[in-house]
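>>> Please work out how this folds:
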Amino acid sequence: GFLPPFRARPRAGIAIVPAPFLIRPTVFIMRPVVKGMPQSIIAFLCALAVSAGAGAVDSTPAEKAYDRGDLRAAFELWLAEAEQGEAVAQYNVATLLRMGGLGAPDQRTAAKWYARAADQGHAGAQVNLGRLYLAGEGGKPNPALAVTLFRAAAEQDFAPGQFYLAEAYRKGTGVLADAD
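Below you'll find the model as predicted:
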């Protein structure tokens with residue numbers, strides 16, 4: 001299916017991670033190789049590792065609203081960012097509109113927001129906009145443009161883009177079929 005809302009990672013700059021795959025750092029504790037290490041040092045090192053990872057992934061106010069199920073508040077916060085040109089926010093606004101998180105799904109407006117994010121190189125937006133073009137949702141079907149968008153996402157090593165591009169070639173959708 002379509003990709004879910006993305007999360008920005010403010011401390012990491014431009015990195016984005018799909019929301020269902022966002023995992024807080026986990027520390028795996030193993031027995032020390034050095035015999036005789038005092039338990040107090042082991043406990044200190046474990047506490048230090050856990051506390052260092054605890055704040056590694058920040059949540060924006062919009063993400064917090066989304067997490068607690070307040071889609072209206074998340075939408076309004078993301079919309080303000082989207083109107084300022086923030087690609088992740090544009091993607092998230094489009095996704096909420098497409099999913100009908102605020103009422104009836106609005107594919108046409110979602111496609112416009114996906115296009116803004118896709119123009120900035122947001123791979124998730126490129127894939128979802130391509131899917132809308134394939135299905136003719138949000139506008140007239142345009143398989144050739146869908147393939148162009150899938151290719152742009154695939155060139156960023158974005159697995160869903162690679163998958164949909166391969167499927168387009170396999171089926172001959174928007175391109176000549178290539179069964180090899």
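
>>> Would you mind measuring the gap between the ends of stretch 77-89?
In stretch 77-89, first residue to last residue: 9 Å (C-alpha to C-alpha, to the nearest Å).

>>> Show me what it is in contact with.
Around stretch 77-89, the neighbours that count as contacts under C-beta atoms under 8 Å, 6 or more residues apart in numbering are 6-8, 16, 60-62, 65, 90, 92-93, 96, 113, 116-117, 120-122, 125. For the C-beta atoms, the positions are set from N, CA and C on the backbone; glycine is no exception.

>>> so Gly101 sits right up against Ala73, yeah?
No - at 11.4 Å, Gly101 does not count as touching Ala73 under the criterion of C-beta atoms under 8 Å.

>>> rewinding a little: buried ones only from the contacts of stretch 77-89, please, as a ChimeraX command.
A single ChimeraX command selects the buried members of the contacts of stretch 77-89 (16 or more other C-beta atoms under 10 Å):
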select :6,7,8,16,60,62,65,90,92,93,96,113,116,117,122,125
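
>>> How about the contacts made by the closest residue to Leu97 other than its chain neighbours?
Distances taken as C-beta to C-beta, 6 or more residues apart in numbering put Ala110 closest to Leu97, at 4.1 Å, once the chain neighbours are dropped. Residues near Ala110 by C-beta under 8 Å, 6+ apart: Ala94, Thr95, Leu97, Arg98, Leu132, Gly138.

>>> Quick check: mean pLDDT of the host helix or strand of the fourth one?
Arg98 is part of helix 87-99, with elements assigned from DSSP states H and E. Mean pLDDT, helix 87-99: 97.

>>> Stretch 102-117 now?
Here the average pLDDT along stretch 102-117 is 96.
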